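> Attaching a predicted model along with its sequence, questions to come.
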Amino acid sequence: MSDLPREIPLSVPVVGHNERVYVDECLETGWLSTGGEFITRFEDAMCELTGARHAVACQSGTAALHVALRIAGVTSGDEVIVPSLTFIATVNPIAYLGAHPVFVGCDEYMNIEPDSVREFLESECDRAGDDVFDRNTGRRVAAILPVHVFGNPCDIESLHVIAEEWGIPLVEDAAESLGATWTAGGFAGRHAGTVGVAGCLSFNGNKIITTGGGGMILTDDEEFANHARHLTTQAKSDPIRFVHDEVGYNYRMTNVQAAIGVAQLESLPARIESKRRNHALYAGLLEDVPGIEILGIPAGTAPNYWFYSALVDADIYGLDREGLMTGLASKGIQTRPVWYPNHMQRPYRDERAYSVQRVTWFWERVLNLPCTHTLESEDIEYVCNVIRDLGGR
Ligand SMILES: Cc1ncc(COP(=O)(O)O)c(C=O)c1O
């Protein structure tokens, strides 16, 4: 038993009554695996929520990205434009396909910066027929893979223009942004993950809703969706006689996972609302702490407020991000820095990186604060008081 006054984890799953009811239904009916009504119910509910025409439930967000990139046409020897500042699971599926990431920079909300995508294409690439080639490597640029970091929708309008201009498919990593929308511009009313040829969600344990582990491909393209369903179920052309027409994967979500997902989805609006309130509470309480700032939200968006990022200015605050993380941990408060930039990660440090200065700036300063939607205002006050006390030394 800890003798700390409080223990506040970064982000934990919260399970309600219906999760148990629906999982029991799976156990009683014997539909445990990759068949069963909850998978279709979860997919249908996701289409209804996001407005996507089709949804394909997968084992994980990583699996969803792997399949979506493959169907979008990424193949061995290609390049994919991807932000350096993201979880490595955005990048790994590019490597699974034998392709290479080209890392680009981020904007002031840590999202992929359209200008650096454009600059890379204009200054480093040539068109040849319908294709675009990186002049330096001779590789085809096969996709642009933006991420809606921590639930903030990225500048999709600019990216969409670039993607159309260059004829390169856009695949969205919407792993962290379920329920986030744009509220202004050409995509007002649209959900993150529904603008590109496909968008990929994650239901990993720390996400805004969870299925334990799981993911989903959203797309408006029926053929894309059918192909995704085929590839995620071992590409069977004759399921009885075990005839397969492609190299497929065992990537389909199970009915038990989907049962949890259906129940979790019921509380999504309430989760987002409470996360929005808590974001405002953190920002208000920390407003007068010198050297600490809660990252705001991009104009023209309604994020899902999944994660709260504090920017630590060590010179003003008196402690750097690592010092603050250690200080908070000693008071029972779990926090995490933003990801180590992918262009510096061992598997990817020889790949191309373009305009990534702001990525390292964020990497040195960002600390993510506890954000489970069930946090009480006293919990947030406690975290903010500890942050205030640790500063100014
Ligand atoms: C930005 C991002 N991309 C991809 C993933 C991969 O999702 P999963 O863990 O479900 O494979 C995650 C989450 O884990 C993520 O945060």
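Arrived safely.
> The stretch 101-250 of the chain: strands as residue ranges?
Using DSSP state E, counting those that start in this stretch, the strands of the stretch 101-250 of the chain run over 125-128, 131-134, 141-144, 171-173, 181-182, 198-202, 215-219, 236-238, 243-244.
> number of nearby residues for residue 74?
Residues within reach of residue 74, counting by other Cβ atoms under 10 Å, total 25. For every residue, glycine as well, the C-beta is placed using N, CA and C.
> Against residue 57, how distant is it?
Note on residue 74: its distance to residue 57, by Cβ to Cβ, to the nearest Å, is 22 Å.
> what about the residue lying closest to residue 172 once chain neighbours are set aside, distance to the ligand?
Nearest residue to residue 172, sequence neighbours excluded (Cβ to Cβ, 6 or more residues apart in numbering): residue 199, at 3.9 Å. Taking Cβ to the nearest ligand atom, to the nearest Å as the measure, residue 199 falls 11 Å from the ligand.
> same thing with residue 78?
Taking Cβ to the nearest ligand atom, one finds residue 78 at 20 Å from the ligand.
> contacting residues for residue 369?
Contact analysis of residue 369 by Cβ atoms under 8 Å, 6 or more residues apart in numbering lists 10, 282, 308-310, 333, 335, 383.
> for residue 15, same thing?
Applying Cβ under 8 Å, 6+ apart to residue 15 gives the contacts 260, 264.
> Find the nearest non-adjacent residue to residue 245, please.
In space, residue 245 is closest to residue 237, 4.3 Å off (Cβ to Cβ, 6+ apart).
> I meant residue 118, not that one.
Distances taken as Cβ to Cβ, 6+ apart place residue 162 nearest to residue 118, at 5.4 Å, with adjacent residues excluded.
> Isn't residue 179 up against residue 191?
Yes. Residue 179 lies in contact with residue 191 (Cβ atoms under 8 Å); the separation is 7.3 Å.
> Next, show the common contact partners of the two.
Residues touching both residue 179 and residue 191 (Cβ under 8 Å, 6+ apart) are residue 49.
> So residue 71 versus the ligand, what's the distance?
From residue 71 to the ligand the distance is 17 Å (Cβ to the nearest ligand atom).
> Burial check on that residue, number of neighbours?
Around residue 71 there are 23 other residues, counting by other Cβ under 10 Å.
> One more: residue 230?
Residue 230 has 19 neighbouring residues, counting by other Cβ under 10 Å.
> what sits against it?
Here residue 230 is in contact with 236, 246, 248 (criterion: Cβ under 8 Å, 6+ apart).
> so who does the residue in the chain sticking out farthest from the centre touch?
Here the chain reaches farthest from its C-alpha mean at residue 241, the gap being 38.2 Å by Cα atoms, centre = their mean. Going by Cβ under 8 Å, 6+ apart, residue 241 touches no other residue.
> what's the nearest residue to whatever residue of the stretch 1-150 of the chain ends up closest to the ligand if we skip its chain neighbours?
In the stretch 1-150 of the chain, the residue that lies nearest the ligand is residue 61 (2.6 Å; Cβ to the nearest ligand atom). In space, not counting the residues next to it along the chain, residue 61 is nearest to residue 202; the distance is 2.8 Å by Cβ to Cβ, 6+ apart.
> Who is the one you found paired with across the strands?
Taking DSSP bridges as the rule, residue 202 bridges to residue 215.
> thought it was touching residue 211?
No. Using Cβ under 8 Å, residue 202 makes no contact with residue 211, being 9.5 Å away.
> coming back round to it: export the strands of the stretch 101-250 of the chain to a markdown table and tack on mean pLDDT and mean neighbour count?
Shown next, in a markdown table, are the strands of the stretch 101-250 of the chain (pLDDT from 0 to 100; neighbours: other Cβ atoms under 10 Å):
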| stretch | mean pLDDT | mean neighbour count |
| --- | --- | --- |
| strand 125-128 | 97 | 14 |
| strand 131-134 | 98 | 17 |
| strand 141-144 | 98 | 26 |
| strand 171-173 | 98 | 31 |
| strand 181-182 | 98 | 22 |
| strand 198-202 | 98 | 31 |
| strand 215-219 | 98 | 30 |
| strand 236-238 | 94 | 12 |
| strand 243-244 | 96 | 12 |
